[in-house]
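S.K.: task: produce atomic coordinates for the following.
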Amino acid sequence: MATMPPIPPPIPTINPKKLRVIGVPLDLGASRRGVDMGPSAVRVAGLEARLEAIGHTVEDAGNVAVAIAEQKKEGSPHAKYLKEITATCTKHAELVVKTLEAGKTPIVLGGDHSVAAGTVAGVAEFYRRQNQKVGLIWIDAHTDINTPDTSPSGNVHGMPLAAIMGLGPAELSNIFGFAPKVAPENCVLVGIRDIDAVEKENVRRAGVEVFTMRDIDERGMRTIIEEALRMAGRGTAGYHVSLDMDWIDPEDAPGVGTPVRGGATYREAHLAMEIIADHGRMTSFEIVEVNPVIDEHNRTADLAVELSLSAFGKKIL
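M.R.: Residues are numbered from 1 along each chain as shown. Prediction:
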């Protein structure tokens, strides 16, 4: 009786990376509380083990220290808790620089989207020291480019992109002493569908590239993401990907800080992450605005982990 040939070992389908998870449980930038528990929810959904299962090496650096709102005064009504948010983002930015210096890829878990001002500052500073630029893919329902002068709420989680682009608030814009952190032609917004009236002028002033949900509806996710990656990648060392979970439709991601109907579907979101992985030029990755307080059975955090896996190379076949 013929013996069966031995089963060949599986062919690795990913480029193994050394990843470092950084939690930033910041909720001072938002009016609705709960996103400070986002990093814990994503960890509970198995981020580290599931990334290791597809071949990566993962280290968890714990959480950046964050002030508690009840112990602090909110300060200016036009930029609430700006002092505390800047302090957190500065510490966080320094940790991102150290992570990249150690040859590891940062995966940042927010917190509200104001954490991005720290993440991008750290990534941009690391590459600036090597005389290189970085791009930014901002995947979000919102443009987050309000300033203290234009914000209707004074919530800083609506301002991080303005800080990154050097429009202010000054304290957040000037982490590491330079602005903008990303050139406008390398900053691309994807999936936008909810912009404050006065904020539209800030988008034009900043000169960033914007693809709205209408663009995705008309032209398809693949075309839009491919174009976005080309724009963010022109003349850069690579690009940071900032994923706000409210980009996805609330049907699939109910537990987010600021839900808006009409977002990306489950499969569109995965496709976007899969294409990003295929291009292989992502320098760093963050997921923000997971709010377990209003989630259903940790569904949104679980989806955040699934999308992370796709962004880091998990394939269907």
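S.K.: enumerate every residue touching Ile294.
M.R.: For Ile294, the contact set (CB atoms under 8 Å, 6 or more residues apart in numbering) comprises 32, 34, 254-256. C-beta: built from backbone N, CA, C; applies to glycine.
S.K.: just for the stretch 101-250 of the chain, where's the confidence low?
M.R.: Counting by pLDDT under 70, not a single residue of the stretch 101-250 of the chain qualifies.
S.K.: now Glu268, what's its secondary structure?
M.R.: Following DSSP: H, G, I helix; E, B strand; the rest coil, the label given to Glu268 is helix.
S.K.: that one against Met213, yeah?
M.R.: No. Glu268 lies out of contact with Met213 (CB atoms under 8 Å); the separation is 10.0 Å.
S.K.: ok, and the closest non-adjacent residue to Gly257?
M.R.: Leaving out its chain neighbours, the residue that sits closest to Gly257 by CB to CB, 6 or more residues apart in numbering is Glu289, at 4.1 Å.
S.K.: please apply the same query to Gly166.
M.R.: Leaving out its chain neighbours, Gly166 is closest to Ala179 (CB to CB, 6+ apart), at 3.4 Å.
S.K.: how about Ala87?
M.R.: Once flanking residues are discounted, Ala87 sits nearest to Ala67: 7.4 Å by CB to CB, 6+ apart.
S.K.: which ones are touching the one you found?
M.R.: Residues near Ala67 by CB under 8 Å, 6+ apart: 28, 81, 84, 87-88.
S.K.: Leu19: which of those residues is nearest?
M.R.: Comparing those against Leu19 with CB to CB places Thr88 closest, at 21.7 Å.
S.K.: quick check, pLDDT for the closest one.
M.R.: Reported pLDDT at Thr88 in the predicted model: 97.
S.K.: against which helices or strands is the helix or strand that contains it packed?
M.R.: Of the helices and strands defined by DSSP states H and E, Thr88 is found in helix 82-101. Under the contact criterion of 3 or more CB pairs under 8 Å, 6 or more residues apart in numbering; DSSP states H and E, the helices and strands touching helix 82-101 comprise strand 18-24, strand 105-110, helix 115-128, helix 170-173, strand 282-288.
S.K.: okay, these in CSV with distance to Gly62 and mean neighbour count next?
M.R.: Conversion of the helices and strands packed on helix 82-101 to CSV gives the following (distance: least, CB to CB, whole Å; neighbours: other CB atoms under 10 Å):
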stretch, distance to Gly62, mean neighbour count
strand 18-24, 6, 23
strand 105-110, 11, 27
helix 115-128, 15, 27
helix 170-173, 23, 20
strand 282-288, 16, 25
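S.K.: for those, give me a markdown table that also has distance to Asp302.
M.R.: Rendered in a markdown table, the data for the helices and strands packed on helix 82-101 read as follows (distance: least, CB to CB, whole Å):
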| stretch | distance to Asp302 |
| --- | --- |
| strand 18-24 | 16 |
| strand 105-110 | 14 |
| helix 115-128 | 21 |
| helix 170-173 | 31 |
| strand 282-288 | 12 |
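S.K.: show me the one of the ones you listed that comes nearest Glu218.
M.R.: For those, the distance to Glu218 is smallest for strand 282-288, at 26.0 Å, taking CB to CB.
S.K.: residues making contact with the closest one?
M.R.: Applying CB under 8 Å, 6+ apart, the external contacts of strand 282-288 come out as 35, 38, 42, 96, 100, 105-113, 115-116, 119, 123, 127, 134, 237-245, 276, 304, 307-308, 311-312.
S.K.: for stretch 202-222, same thing?
M.R.: With CB under 8 Å, 6+ apart as the contact definition, stretch 202-222 has outside contacts at 143, 145-147, 150, 161-162, 165, 167, 184-185, 187-193, 195, 224, 227-228, 231, 262-264, 268, 271-272, 275.
S.K.: kindly report the same for stretch 179-190.
M.R.: Here stretch 179-190 makes contact (CB under 8 Å, 6+ apart) with 120-121, 124, 133-140, 143, 161, 164-166, 173, 203, 206-211, 216, 224-225, 228, 231-236, 239, 247, 272.
S.K.: same thing but 7 Å
M.R.: 120-121, 124, 133-140, 143, 164-166, 173, 206-211, 224-225, 228, 231-232, 234, 236 (CB atoms under 7 Å, 6 or more residues apart in numbering).
S.K.: so which bits of it are buried?
M.R.: If you call a residue buried by 16 or more other CB atoms under 10 Å, then stretch 179-190 has these buried ones: 179-183, 186-190.
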